[in-house]
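[1] Let me see the structure of the following:
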Amino acid sequence: IKKEIEHISSVLSSYPFTVYPAFTPVSKGVYTLHGLLKIPPKTWPDSKLIALLRSLPPSVSVNVNPESTL
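    Presented below is the predicted three-dimensional model:
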């Protein structure tokens with residue numbers, strides 16, 4: 001997971017991306033980290049950012065305007 005989050009961080013290096021541990025970091029042997037990308041609403045949608053997010057591997061879940069960041 002460390003390598004994957006480093007890859008994601010490098011892909012999103014042009015944006016304010018913060019990584020933090022999940023509320024429950026391990027569940028059923030699966031490790032989870034969260035990343036938060038906070039951009040001003042006026043700049044969304046950003047076609048470059050959308051392309052970068054779509055290039056991430058299928059193991060990465062992307063939620064736009066999530067109800068919770070926990």
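[2] Skip the chain neighbours and tell me the closest residue to G35.
    Using Cβ to Cβ, 6 or more residues apart in numbering and skipping the chain neighbours, the partner closest in space to G35 is V19 (5.0 Å). C-beta here means a position set from N, CA and C on the backbone, and glycine is covered the same way.
[3] what is the rounded mean pLDDT of the helix or strand harbouring the one you found?
    Assigning secondary structure by DSSP states H and E places V19 in strand 17-27. What strand 17-27 shows for mean pLDDT is 78.
[4] how about that strand: buried residues?
    F17 (16 or more other Cβ atoms under 10 Å).
[5] Please apply the same query to stretch 48-59.
    Neighbour-count burial for stretch 48-59 [16+ other Cβ under 10 Å]: 49, 52-53.
[6] My guess is I8 contacts L36. True?
    No - the criterion here is Cβ atoms under 8 Å, and I8 misses it with L36 at 11.7 Å.
[7] if I pick the residue nearest the centre of the chain, what's in contact with it?
    Most central in the chain under Cα atoms, centre = their mean is G35, positioned 4.0 Å from the mean C-alpha point. Contact analysis of G35 by Cβ atoms under 8 Å, 6 or more residues apart in numbering lists 5, 8-9, 12, 17-20.
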